[in-house]
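K.L.:
Whatever this is, show me its structure:
(one chain, ligands or ions: 1)
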Amino acid sequence: MAEKHYNASDLTILEGLDAVRLRPGMYIGSTGPKGLHHILWEIVDNAIDEAANGYADRIDVRLYKDGSASVEDNGRGIPTDIHPKTKVSGVQVVFTQLHAGGKFDEHNYSFSGGLHGVGASVTNALSKWLKVRVRREGKTYEMGFHSYYDEKKKKYESGVPTGPLTDLKIRTKQHGSFVQFLPDDAVFTNTEFSLATVSHRLNELAFLNRGLTITLTDERITRNEYLAQGGEAEEVQLDLAGATEPYSVTFHYEGGISDFVGYLNDGKSKLYQKPLYYRAEKDGILVEFAIQHTGEYTENLFSFVNNIPTPEGGFHEVGFRTGMTRVLNDYARENKLLKDKDPNLVGEASREGLSAVLSIKMKNVQFEGQTKTKLGNPEARTPVESCTVEGLRALAAEPRMKKTFDEIIKKAQGAARVRLAARQAKETARAKNSIDSLMLVGKLAACSGRKPEQNELFIVEGDSAGGTAKQARVRQFQSILPLRGKPLNVEKKRLDQVLANEEIRTIISALGTGIGTECNLDKLNYHKVIILSDADQDGFHIRCILLTFFYRYMTPLVMAGHVYIGMPPLYKVYKANGSVEEYAYDDKELQEKIDKVGRGYLIQRYKGLGEMSAEQLWTTTMDPMRRNLIQVTVEDAVAADNMITTLMGDRVDKRKEFLARNANFNKEDAFMKRVKTKKENGDEDE
Ligand code: TTJ
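P.N.:
I've put the predicted structure just below:
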């Protein structure tokens, strides 16, 4: 007989907070930065629920110098009365029982399946301490919890009350909940909240919950410090108060997801001025969407389920797209924009240049896909489709909307014509494929290894640097693809033109995945695709163009984290006698290296990759043990799309201003700030 390790009492203990401690990953995904932020979102989600149910209209989030964070709402307050079954206060239940909380009310849309919605007790279990203050029915209550190592029991005690829920005897007319906690550094690899991450998510939540006011205050940094770092301001104006006041920002959108679409389309030309908006409930699913067509050529649909982004799509997106195509075709036929003999407009064409936000709320959510961000509930499809049809039909029936819908149809018809031409161009390109592979032989210095997981493709700016890289590489796993000149600007081109470009075709053939809807990562030849460009304006531009191409046409490649940016050093600090040679990747590091080398040093500033010898390029930029690689992730697709539009779009003024503000084109450049990145072998998550 196998040994019996567990009995019923073991199980009940393990179901408590100890289980969370033992396997944090099971509850929050990881103990890296994602997991850290997750325990903040658990608390924020509770406050959002209270607001979504109409009981709160303010949420204040604060990040403190000691590393703790707090969330406060002006809702009803977490229940303080004694729970009849457990004989402890509602507050204690919420913070010590897994899965406890208002979310499991019948009236609420509870989250499950994904990682969100594991409950506030998980935050408590993974915090050094947690404080709760509740104001309700005129009274103020407080309760604390802590986690510590119990020497006697030789184990960690997690989320233990420091005392009972206490009535502070402070009368108040206000009501709400305040929760502050310090993430435990024994659990998380890094306990520093990221202002950019928190800010981005709270902004998104404000868009998704119209009318709600969310403020974020970061006590770790003053307003002036924030502005000096670049902030989001166009013009930096420091003031006296800003020298001492913490940085604070407020998110509030009366228009909700319509404002979200307006934000996505900022700076783009629009087919009609106001986004179309609709909201309805069907079969227990709440559906809300806002759409607006632009003059661009790609589709931008941002979907959410229970306020959680679903970049991998799923059944709700299928329903939405199907519904849209149906209404537009019906409209076109009824208004004789399509003749009886004309074929239907294909959905893709009617979504060209579309920016849309789709937000649904439903119960028992199942998330699927590579990154668990795809809605797997098939029952979501039909209700979303009928709400979309109902909403768009109602809008199209309004006489004042005629011009808008006519414009949408006109644009779709134009797109359909171009698509036909594109398909023909693509077929020609396919026919030429064998020729392409032949052309590659001359350009691509392919590696000898046949294991894609180990192989790296360096896309190198310029033939000369390409030559150096070919000498420097380890032939076994490193391939070099030199790029001559600039690849074309993808933003402005349609698919057929992108495909016609030789540089782009070379990249597509080298990677092997195919593009667009046909992009298949199983066929990827290189698990690391490394862009290596000069640390100057041209290099920055080339990098942006390549990233735009990957983002738009090989999205899965970026999503799966296969795209990297190689970081050549900016300086060499050395001694004339050759006894010392140090490399610096930014100005801060330059000073450190100068200090380290001491007297009698010389500095070489690298203006381009071409100035380096093969040996130098290898040690500083290509050797996996020593190089500085930055992994590009498009978690922040909204910001990336915005930046790409600014940089590559029609707004020359914006682009110039953007480039002028970001003179340092290396490590700290704007792209790095806006598109989240991580260093190679950094976090274990993401
Ligand atoms: C539950 O049903 C009775 C009335 O109060 C409902 C409730 O749970 N309200 C509530 C919880 N409002 N705010 C919260 C909450 C806020 C924060 C910041 C953190 C947590 C864990 C809960």
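K.L.:
you'd agree I603 is in a strand?
P.N.:
Yes. When the secondary structure is assigned by DSSP: H, G, I helix; E, B strand; the rest coil, I603 falls within a strand.
K.L.:
okay, now it: neighbour count?
P.N.:
I603 has 13 neighbours, counted by other CB atoms under 10 Å. Every C-beta, even on glycine, is put in place using the N, C-alpha and C of the backbone.
K.L.:
What count of nearby residues applies to G462?
P.N.:
Number of residues near G462 (other CB under 10 Å) recorded here: 22.
K.L.:
Surely it touches I480?
P.N.:
No. G462 lies out of contact with I480 (CB atoms under 8 Å); the separation is 11.6 Å.
K.L.:
what's around the residue lying closest to R605 once chain neighbours are set aside, how many residues?
P.N.:
Here the nearest residue to R605 in space, its sequence neighbours aside, is Y571; by CB to CB, 6 or more residues apart in numbering that works out to 5.6 Å. Burial of Y571, expressed as a neighbour count using other CB under 10 Å, amounts to 19.
K.L.:
go on, M625?
P.N.:
The burial count assigned to M625 is 5, neighbours taken as other CB under 10 Å.
K.L.:
quick one: contacts for E390?
P.N.:
With contacts defined as CB atoms under 8 Å, 6 or more residues apart in numbering, E390 is in contact with 278, 280.
K.L.:
Go again with 10 Å.
P.N.:
Under the criterion of CB atoms under 10 Å, 6 or more residues apart in numbering, the contact list for E390 reads 278, 280, 282, 287, 323, 327.
K.L.:
Same check on F458?
P.N.:
Residues in contact with F458 (CB under 10 Å, 6+ apart) are 445, 465-466, 469-470, 472-473, 478-482, 526, 528-532, 564, 566, 617, 621-622.
K.L.:
make it 7 Å
P.N.:
For F458, the residues meeting the contact criterion (CB atoms under 7 Å, 6 or more residues apart in numbering) are 469, 478-481, 530, 532, 566.
K.L.:
Please name the bridge partners of it.
P.N.:
Residues in a beta bridge with F458, per DSSP bridges, are I480, I530.
K.L.:
Any figure for the gap between it and the ligand?
P.N.:
Taking CB to the nearest ligand atom, to the nearest Å as the criterion, F458 is separated from the ligand by 48 Å.
K.L.:
hmm, back to that, can you say which of the contacts of E390 are buried?
P.N.:
Neighbour-count burial within the contacts of E390 applies to 278, 280, 287, 323, 327; the criterion is 16 or more other CB atoms under 10 Å.
K.L.:
What about these, which are in helices?
P.N.:
323, 327 (DSSP state H).
K.L.:
Let me know the closest of the buried ones among the contacts of E390 to the ligand.
P.N.:
Within these, the smallest distance to the ligand is 25.4 Å, found for V287 (CB to the nearest ligand atom).
K.L.:
That closest one contacts S386, doesn't it?
P.N.:
No. With contact defined as CB atoms under 7 Å, V287 does not count as touching S386 (8.8 Å).
K.L.:
hmm, back to that, what's the farthest-apart pair in the contacts of E390?
P.N.:
When those are compared pair by pair using CB to CB, the two farthest from each other are K282 and V327, 15.6 Å apart.
K.L.:
Kind regards, and thank you for your time.
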